[in-house]
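[1] Predicted model, plus sequence, below.
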Amino acid sequence: MIFKRITGGSPLRRLRCKQLVLTVFTVLALLIMLSYKSYIPVKPNYLSRNLKNGDDILNGSERRNNVAFIPNDLHKQQADMESGQIQEMIAENGIVELEATEEIPNRSKTAYYNGVPVYYPEETDTKVNVFSERKMTQNGFRASINGANIPEIRAAPFIPEKRVVHFDLKGAPPKVSYLEQVFQIISKLGATHVLLEYEDMFPYANDLSIIKAKNAYSLNEIKSMLSAAGSYNLEVIPLVQTFGHLELALKLKEFSHLREVDESPQAICPSKNSSLDFVTDLIEQIIAVHQSSKFIHIGCDEVFYLGECNICKTKNRNSLFLQHIVKIAQFVRNKGFIPIVWHDMMIHMTFSELKRSGIGNLVEPMIWVYAEDIYRFVPETEWKKFSDVFSTFWSASAYKGAFGETLILPEVKRHIDNNANWLAVMRSEGTRFKNGVRGLVLTGWQRYDHFAVLCELLPGSLPSLAMTLSLVSNARIDLPIAKKVYQVLECINSPKYESFFDLTYDPKLVDKLAYCFFPGASFFKALYRLEKLQNEVDKTWKAATYERGWMTDYNLRYNFSEPSRVDEITSELNSLISSVTVLAKNFIEAMDDIFDVYTVQEWLEQKILPLFELLGKLKSRKKSLKSHKAWKVRPFTSTVDWKKYDLNLEILFKVEKRSDYLVT
């Protein structure tokens, strides 16, 4: 009967009936889907279980207050509890259950709650079952700070004894007065040491005086810097390169004879006695000013040219490297210091080579990995090899300068993940070494090498440094620790700073720290505006010259365009130029108390000048295209020299020149 009614009658009536049936089926389908919503993956890796008693605790933005980055053993379950017992506890107490976790490299997991990561590196066979702000006193569980439930019996979290902050002074060297303010901040957040990499900013004397930068620190400034560090109980470790990355000297004609290859000033030849004399002179001048230091870092990473000169090419490359390092290390030991070296040049050496060289008794390796996956770059076989050779090791993470040579703001989440993973690795691998882990260095590069442009500068990276340092100093970041960071970064008294930060939606913390006034905060905030302005300028240029059809290179080549279209495309041009000008002035003011005029000038040339030049080209293109009141008749005589590209158009397209239609 229903079918007859639908199919019978007028066409209009049949159409209406069909629409009604379709609507009914759609509603039924939606109801079925809603009734089985637990099987629909809305977004993977989210915590989405309702609380039985106290839904209001974790509603809305307050849910983010429960999120914490909690590394290593803090959540390891030591209690003998079956999976069924845990599930029963969850059912009885209404605990927020971890419904799904995402395996990430380095034996770690990341869970998400309302889009915010709950991070805890751990062994793969360990499970974290519950997260809640509710306190539990039964069944052997108790609530930790900010609500992460853990067993009564647990291993202590791993915190490295020496927590070192690295300052790369070869790029944008800050004024000593600014460094003193930073030393105070990192001291409050748990740093114990600073690693000072001077490069060409050290006031070398005598034969080495020509390698220092024209704006190098004076000897009195260096002493003031060291005194400031000491006043905040920060021990200083100087870093001086002794093999590769010696461009500061090898770029000069006076030291070019020490190069391993004539074409590159990157590395010295280890077979020349004059190379050893040069390196020991560097070290002697550094240690003369750092008599209170216990360690000295002698670099030795990324020796890109080794065993290539006429003297070295007949020798084994690994032996060349090790013999040079042994000589330098013995020299440093004789001066009363413990030498530290980067590990990367030893990663592919055999145990026999390392052991036979005697390097294990002379240096302490610093193993550096700045990516999230530590084991990808240093697998377990290497950890075993290093532990069989060396009695201890250092780790090196990063808080900036690791993910792009021209970046201006660090992504805090990536650096937190890197550091949290390192805590897990140090916990796991430290037991292999006779004397365990010596410490962790948070590196902060401002150039990738001597010739590279500037990347993330120190004042724009203080938020990343504050968060990562707090993590490694406490083995976690929870709300109380985040509040301490807000206080140290001089954030205003506001409800905004009573909640945890959200790195999913604010990965660089520019929104969260908008009302904080730490040293360099105005520079940090201006960087975000610069990022947005760079995108706007790039988008405008691309739209005008590639995407739209009236201001392309072809239009410009033949001065052939429609003026009103040109005006339309460049309608925001003057506004963009004005915005860049205002921002440039803001940067000059923000950088004045932090850097010298040379650094300000260099940074403006690298980051601001390209914007002016691109907008200037667009302005010139507009002027040229609008200067014509009459236009040529097509087709045009090509002005392109195709033979330069090995193309002969007359042959390729069989074009015959016809003067009657080629318009010049």
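    Good, I have the coordinates.

[2] How about Leu625: what's its closest non-neighbour residue?
    Ser561 (4.5 Å; CB to CB, 6 or more residues apart in numbering). C-beta: built from backbone N, CA, C; applies to glycine.

[3] Also Asp417?
    Glu372 (4.5 Å).

[4] if I look at that neighbour, how far off is Ile416?
    10 Å (CB to CB, to the nearest Å).

[5] How about Asn361?
    36 Å.

[6] Can you pick out the residue with more neighbours from these two?
    Counted by other CB atoms under 10 Å, Asn361 and Ile416 do not tie: Ile416 has more neighbours, with 25 against 13.

[7] neighbours of Tyr546, just the number please.
    11.

[8] Where does pLDDT dip in this protein?
    By pLDDT under 70, the low-scoring segments of the chain are 1-19, 21, 27, 29-156, 652-664.

[9] 80 instead, please
    With pLDDT under 80 as the threshold, the chain has low-confidence stretches at 1-157, 649-664.

[10] list the contacts for the nearest residue to Tyr198 once chain neighbours are set aside?
    The spatial neighbour of Tyr198 that comes closest, neighbours along the chain excluded (CB to CB, 6+ apart), is Leu169 at 5.3 Å. By CB atoms under 8 Å, 6 or more residues apart in numbering, Leu169 lies in contact with Leu196, Glu197, Tyr198, Glu199, Met201, Tyr217, Gln446.

[11] let's see it at 7 Å
    Leu169 makes contact with Leu196, Glu197, Tyr198, Glu199, Met201, according to CB atoms under 7 Å, 6 or more residues apart in numbering.

[12] could you check the distance from the first one over to Asn474?
    Spelled out, it's Leu196. Taking CB to CB, one finds Leu196 at 25 Å from Asn474.

[13] now the fourth one
    Taking CB to CB as the measure, Glu199 falls 32 Å from Asn474.

[14] Compare these two (neighbour count), which wins?
    Glu199 (25 against 21).

[15] Please verify my assumption that that one contacts Leu248.
    Yes - contact criterion CB atoms under 7 Å: Glu199 and Leu248 qualify, at 5.6 Å.

[16] Please identify every residue contacting each of those two.
    Common contact partners of Glu199 and Leu248 (CB under 7 Å, 6+ apart): His450.

[17] Show me the helices in the stretch 201-350 of the chain, by range?
    219-231, 247-250, 273-287, 317-334 (DSSP state H, counting those that start in this stretch).

[18] Can you check what angle separates the longest one from helix 273-287?
    Yep, that's helix 317-334 we're talking about. For helix 317-334 against helix 273-287, the angle by axes from the mean of the first three to the mean of the last three CA atoms, to 10 degrees is 40 degrees.

[19] which residues make contact with helix 317-334 from outside it?
    Residues contacting helix 317-334 (CB under 7 Å, 6+ apart): 242-243, 270, 276, 279-280, 283, 296, 298, 300, 303, 306-307, 312, 339, 341, 345, 349, 353, 357-359, 362-363.

[20] do stretch 517-526 as well
    Contacts for stretch 517-526 (CB under 7 Å, 6+ apart): 178, 181-182, 185, 459-460, 462-463, 489-490, 514, 583, 586-587, 590-591, 594.

[21] out of those residues, which are inside helices?
    178, 181-182, 185, 459-460, 462-463, 583, 586-587, 590-591 (DSSP state H).

[22] Give me the phi and psi angles of the residue nearest to Tyr198.
    phi -90, psi 0 (degrees, to the nearest 10).

[23] show me what contacts the residue nearest to Leu625?
    Trp550, Met551, Asn555, Leu625.

[24] Looks like the last one contacts Arg565 (just checking).
    Right, the one you point to is Leu625. No - taking contacts as CB under 7 Å, Leu625 lies outside contact range of Arg565: 9.2 Å.

[25] More neighbours: which of the two?
    Between Leu625 and Arg565, counted using other CB under 10 Å, Leu625 has the larger neighbour count: 21 against 15.

[26] Which strands and helices lie in contact with the strand or helix carrying Lys413?
    Under the criterion of DSSP states H and E, Lys413 resides in helix 412-429. Where contact means 3 or more CB pairs under 7 Å, 6 or more residues apart in numbering; DSSP states H and E, helix 412-429 is packed against strand 116-121, helix 374-377, strand 393-400, strand 437-444, helix 458-474.

[27] Now with 6 Å, please.
    When contacts are defined as 3 or more CB pairs under 6 Å, 6 or more residues apart in numbering; DSSP states H and E, helix 412-429 sits against strand 116-121, strand 393-400, helix 458-474.

[28] Between helix 412-429 and the last one, find me the angle.
    So the one you mean is helix 458-474. Using the same axes, to 10 degrees: helix 458-474 against helix 412-429 is 30 degrees.

[29] And helix 458-474, how far out from the chain middle?
    Distance, stretch centre to chain centre, for helix 458-474: 12 Å (CA atoms, centre = their mean, to the nearest Å).

[30] So which elements touch it?
    strand 393-400, helix 412-429, helix 479-488, helix 521-542.

[31] now the first one against helix 412-429, angle please.
    For strand 393-400 against helix 412-429, the angle by the same axes, to 10 degrees is 170 degrees.

[32] Name the surrounding residues that touch strand 393-400.
    Outside strand 393-400, the residues that touch it by CB atoms under 6 Å, 6 or more residues apart in numbering are 365-368, 370, 410, 415, 418-419, 422, 426, 438-444, 456, 461, 464-465, 468.

[33] For that strand, buried residues please.
    Judged by neighbour count (16 or more other CB atoms under 10 Å), strand 393-400 contains these buried residues: Phe393, Trp394, Ser395, Ala396, Ser397, Ala398, Tyr399, Lys400.

[34] Equivalent analysis for stretch 352-368, please.
    Glu353, Leu354, Ser357, Ile359, Leu362, Val363, Glu364, Pro365, Met366, Ile367, Trp368.

[35] what ranges do the helices span in the stretch 501-650 of the chain?
    Under DSSP H, counting those that start in this stretch, the stretch 501-650 of the chain gives helices at 521-542, 553-557, 563-569, 573-591, 597-607, 609-625, 649-652.
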